[in-house]
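Novice: kindly generate the corresponding structure for this input.
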Amino acid sequence: MKTANAIKPRMPDIATRLASAAGGARAPSMTGGGPGRSHAAPGRPASADLARTGGAQPRQVVRTGEHTPPRHEDDLIAQEIPVALEYNGISHATLLATPCDLEDLAYGFSYTEGIIRSASDIYDMNVVDAPQGMIIQISIANACLNQLKLRRRALAGRTGCGLCGIESLDEVRRNLAALPARPGQISGQAISRAMRQLRALQPLHLATGATHAAGWASDAGQVLHVREDVGRHNALDKLIGHLLRHAIPTDAGIAAISSRASFEMVQKAASAGISAVAAVSAPTTYAIQLATELNVLLAGFARDNRFNLYAHPEFLGNNGGLN
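Specialist: Prediction:
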């Protein structure tokens, strides 16, 4: 893909380093990076690595407290900039995002919004630095232009809201078919394992405390791919974009997210064929309704080897121990 100014590089691939630490076990595809602070564990990337990739920037802060005298220290702050998406010269949406893995973000957003039907519908992509942010210029198939116009929105993108700018209630929910049911095919152990692994595979969050993560885990709960962003929707779009670009099947596996399970998070997952979503925090009523209708197992408060099931508990092996 061509770039007017080179696409912000992916954060350092720490798969080799993690695999070495684990005795050669395969490590997940990650956004990458590590805390980069003075107390960082050996082998984690330095702050310069996170800054170089567009994930974080160093800043000097004043640390103090009720009984602590002020002192100046270096810290890492998560980057958040406006990222505009243009399709065939048509301005469509502006998101507030972390400027790394932008190719994945563009593919994932385009797919979960229903603008493209497959990765092959994107012909070219340029990422251009602008005075107030970045512009992703995407060339798509002409057959997708009509769908683009149907979904077009002037999205003044807030990090926490993926639906801001939608012009009517009819545009909120996409017309998606229910996914195939998976009774008894998902294990509780796998959900807990995926959530435990996800927490350790968020280098940008460990460095800044300001980002969300979305991870793709196998049915055994092994986290294989992780993406991070200041926005939870963006993190999931980045993950889905990565899966789409690399033709990774989504009919079996678990999406693990470090946020609450909102309606749009479930909709994005279902649009990508993901039928199991586990969230660190709670779901919303609309998310539960959508998950129920679209055959998505929805787990919330997934932490400390426990979780609540809000939709399709029958997908869990042995009914999760239910009588």
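Novice: contacts and neighbour counts: CA atoms only from here.
Specialist: Noted.
Novice: quick one: low-confidence residue ranges for the stretch 1-150 of the chain.
Specialist: Low-confidence regions of the stretch 1-150 of the chain, defined by pLDDT under 70, span residues 1-27, 31-52.
Novice: where along it do the helices fall?
Specialist: For the stretch 1-150 of the chain, helices defined by DSSP state H, counting those that start in this stretch occupy the ranges 15-21, 47-52, 102-112, 145-151.
Novice: same deal with the stretch 201-323 of the chain?
Specialist: For the stretch 201-323 of the chain, the helices defined by DSSP H, counting those that start in this stretch occupy 203-208, 232-245, 263-271, 285-293.
Novice: in the longest one, what counts as buried?
Specialist: By neighbour count with 16 or more other C-alpha atoms under 10 Å, helix 232-245 contains the buried residues 232-244.
Novice: also the third one?
Specialist: Within helix 263-271, the residues scored as buried using 16+ other C-alpha under 10 Å are 263, 264, 265, 266, 267, 268, 269, 270, 271.
Novice: off-centre distance for that helix?
Specialist: For helix 263-271, the distance from its own C-alpha centre to the chain's C-alpha centre is 12 Å (C-alpha atoms, centre = their mean, to the nearest Å).
Novice: which parts of stretch 95-114 are buried?
Specialist: When burial is assessed from 16+ other C-alpha under 10 Å, stretch 95-114 yields the following buried residues: 95-114.
Novice: out of the buried residues of helix 263-271, the closest to residue 126 would be?
Specialist: Closest approach between those and residue 126, by C-alpha to C-alpha: residue 268, at 24.3 Å.
Novice: mind listing what the closest one touches?
Specialist: Applying C-alpha atoms under 8 Å, 6 or more residues apart in numbering, we find residue 268 in contact with 112, 113, 236, 237.
Novice: got a markdown table for those, with distance to residue 181 too?
Specialist: Written out in a markdown table, the entries for the contacts of residue 268 read as follows (distance: C-alpha to C-alpha, whole Å):
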| residue | distance to residue 181 |
| --- | --- |
| 112 | 21 |
| 113 | 23 |
| 236 | 22 |
| 237 | 23 |
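Novice: among those, which two are most distant?
Specialist: Comparing every pair within the contacts of residue 268 by C-alpha to C-alpha identifies 113 and 236 as the most remote, at 12.4 Å.
Novice: hang on, the earlier thing: wait, which of the buried residues of helix 263-271 is closest to residue 146?
Specialist: When those are compared for distance to residue 146 (C-alpha to C-alpha), residue 271 comes out closest, at 18.7 Å.
Novice: how far away is the nearest residue to that closest one once chain neighbours are set aside from residue 261?
Specialist: When the adjacent residues along the chain are set aside, residue 271 lies closest to residue 112, with 5.8 Å between them (C-alpha to C-alpha, 6 or more residues apart in numbering). Plainly put, residue 112 is 16 Å away from residue 261 if you go by C-alpha to C-alpha, to the nearest Å.
Novice: which residue ranges of the stretch 51-200 of the chain form strands?
Specialist: 56-65, 68-78, 81-87, 90-97, 122-130, 133-140, 155-156 (DSSP state E, counting those that start in this stretch).
Novice: what angle do the fifth one and strand 133-140 make?
Specialist: Translated: strand 122-130. 160 degrees (axes from the mean of the first three to the mean of the last three C-alpha atoms, to 10 degrees).
Novice: give the buried residues for strand 122-130.
Specialist: With burial defined by 16+ other C-alpha under 10 Å, the residues of strand 122-130 counted as buried are 122, 125, 126, 127, 128, 129.
Novice: of the residues you listed, closest to residue 187?
Specialist: Taking C-alpha to C-alpha as the measure, residue 122 is the one of these closest to residue 187, at 36.1 Å.
Novice: the residue nearest to residue 132 when sequence neighbours are not counted: neighbour count?
Specialist: In space, residue 132 comes closest to residue 82 once its chain neighbours are excluded; the distance is 7.0 Å by C-alpha to C-alpha, 6+ apart. Counted by other C-alpha atoms under 10 Å, the residues lying close to residue 82 total 20.
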